[in-house]
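1. I would like the atomic coordinates for the input below:
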Amino acid sequence: MIWFTSDTHLGHANAIGFTDRPFDSIEAMNRTLIANINACVQARDELYILGDFSFRIPAEDAARLRGKIRCRNVHLVPGNHDKDWSQPDVAGTFVVEPPIKVLKAEGRKFVLSHYPIMDWQSMRHGSIHLHGHIHTVGGAYNQANRARGLLRYDVGVDANGMMPVSMAQALQWFEGVDPCGRPEWEDLVGGEEQAG
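-> Presented below is the predicted three-dimensional model:
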């Protein structure tokens, strides 16, 4: 099975406050987020972390936290706070992917990146864009995308009850939704002409 998550920000005290995470310490946050991954993702599954695995901790400490994740096949699509995982002391911690990774599975194309993209490969043909970065809390953002026929989903922990999202869940979320294609500029600004 294939799983996705993003923006765990392990080791980052400010992440608790700015996203209103239900933890009283960094240690509790780190422990819970890793336990939540291990509760879902099996050792032989694949896990894609769409950026910002950790923040403000040394790469060696982040690698030790990665070692607590039982899944052997952990891919990292780099985010703006990720380490240089090619350093000799931590090389091999993750399968480091390019900033935009295209994954074909279950008869669908998934476009993975840390950042949300306005227009992505094959979006008019039903490809699903999974991302993080924006730390949406709750499901309003993902619901709004689905309602508009925009097959874009925030897999970040803050948007998903601190849990990873399976590919099956993402497919089910968009089941029966006709993709709208690229939104026109007028749709994004409410149809009003912008003053230059």
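
2. partner strands of the strand or helix carrying residue 75, parallel or antiparallel?
-> Here residue 75, judged by DSSP states H and E, is contained in strand 73-76. Strand 73-76 sits in its sheet next to strand 46-49 (parallel), strand 95-96 (parallel), going by DSSP bridges.

3. tell me the helices and strands packed up against the strand or helix carrying residue 35.
-> Using DSSP H and E, residue 35 maps to helix 26-40. Here helix 26-40 touches strand 2-5, helix 13-18, going by 3 or more Cβ pairs under 8 Å, 6 or more residues apart in numbering; DSSP states H and E. C-beta here means a position set from N, CA and C on the backbone, and glycine is covered the same way.

4. where does residue 110 land in three-state SS?
-> Residue 110 falls in the strand class when you classify it by DSSP: H, G, I helix; E, B strand; the rest coil.

5. one step back: what's the closest of the strands paired with strand 73-76 to residue 74?
-> With Cβ to Cβ, the closest approach to residue 74 among the strands paired with strand 73-76 belongs to strand 46-49: 4.8 Å.

6. got the residue ranges for the strands in this structure?
-> 2-5, 46-49, 73-76, 95-96, 100-105, 108-113, 128-131, 152-154, 165-166 (DSSP state E).

7. just the CA trace of the first one, in CSV.
-> Pointing back at strand 2-5 there. Output of strand 2-5 as CSV, limited to C-alpha atoms (Å, rounded to 0.1, in the frame of the first residue of the first chain):
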residue,chain,number,x,y,z
ILE,A,2,1.1,3.6,-0.7
TRP,A,3,0.8,6.3,1.9
PHE,A,4,1.3,10.1,2.0
THR,A,5,1.9,12.7,4.7
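
8. same for it, what does it pack against?
-> helix 26-40, strand 46-49, strand 165-166, helix 167-173.

9. hmm, back to that, buried sites along the strand holding residue 75?
-> 74, 75, 76 (16 or more other Cβ atoms under 10 Å).

10. Throw the residues you listed into CSV and include pLDDT and distance to residue 38, thanks.
-> What follows is the buried residues of strand 73-76, written out as CSV (pLDDT from 0 to 100; distance: Cβ to Cβ, whole Å):
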residue, pLDDT, distance to residue 38
74, 98, 12
75, 98, 17
76, 97, 17
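
11. out of the residues you listed, who's nearest residue 153?
-> Of all these, residue 153 sits closest to residue 75, with 17.2 Å by Cβ to Cβ.
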